[in-house]
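[1] Whatever this is, show me its structure:
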Amino acid sequence: MNPIEPHSNKITPQTIKLAVYGTLRKGYGNYYHFLQKSSFLGTYTTQKKYRLIISDYPCILPYNGEGHHIVVDVFEINQQTLLEIDQFENYPIDHERHQIALHTGTIAWIYTRDIPDNGIHFKEYLERGKA
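    Okay, the predicted model is just below:
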C-alpha cells in the first residue's frame, strides 16, 4: 500500500473543490446542513482505488491502490464552509484532509481517516435512500 502523496494542508484560494462521500453527498442528511448553498460541480469517481469502510460511519482509508474507485460529489466551497466541515469531521484529530485526483484529472480535497483495517469493518459502503 502506498500512502496518499503528501500535500500541504494550507488552503489559500477563495474557493476550494471538496470531494465528499457518505452523508455529505448531495441529497443526504449532512448535505442539507453544510453544502446546500455551495456550488455542486458534479458526481465523479476517484482516479485511484481507495478503501471505503464503515467504522462508525463511512470513511476512506488514506491508502490508494486497493479497494474501489470511490463515487464522490464535488462542490466548490468557501473558507467558512471548509471550517464548518473541518469541525464536523473533527479535523485534524479524527480525519485528515488530502488532495486527490478524480477520473477527469480534476484535483479536489477529501477527508480520510487513518485507522487500522483489520478486515472486520472492511465492507463496501452501499448508498442508502436519500433524506
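
[2] confidence score at Asn64?
    Listed pLDDT for Asn64 reads 73.

[3] If you count neighbours, what's buried in stretch 31-39?
    For stretch 31-39, burial by neighbour count (16 or more other C-beta atoms under 10 Å) applies to 31, 34-35, 38. Glycine gets a C-beta too; all of them are placed from N, C-alpha and C.

[4] Please enumerate the helices of this structure.
    For the chain, the helices defined by DSSP state H cover 29-34, 79-88.

[5] In TSV, list the ones you listed along with mean pLDDT and distance to Tyr57.
    As requested, these are exported to TSV (pLDDT from 0 to 100; distance: least, C-beta to C-beta, whole Å):
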stretch	mean pLDDT	distance to Tyr57
helix 29-34	96	10
helix 79-88	97	11
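
[6] Arg113: which of the ones you listed is closest?
    Among those, helix 79-88 comes nearest to Arg113, with 13.1 Å by C-beta to C-beta.

[7] Output the closest one in CSV with nothing but the alpha carbons.
    Presented in CSV, the C-alpha positions along helix 79-88 are these (Å, rounded to 0.1, in the frame of the first residue of the first chain):
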residue,chain,number,x,y,z
GLN,A,79,-13.4,29.2,3.5
GLN,A,80,-16.3,29.4,6.1
THR,A,81,-17.9,26.1,4.8
LEU,A,82,-14.5,24.4,4.9
LEU,A,83,-14.0,25.5,8.5
GLU,A,84,-17.5,24.2,9.4
ILE,A,85,-16.9,20.8,7.7
ASP,A,86,-13.4,20.6,9.3
GLN,A,87,-15.1,20.9,12.7
PHE,A,88,-17.8,18.4,11.7
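
[8] Distance check, the closest residue to Phe75 other than its chain neighbours against Ile93.
    Once flanking residues are discounted, Phe75 sits nearest to Ser38: 4.4 Å by C-beta to C-beta, 6 or more residues apart in numbering. The gap separating Ser38 from Ile93 is 24 Å, by C-beta to C-beta, to the nearest Å.
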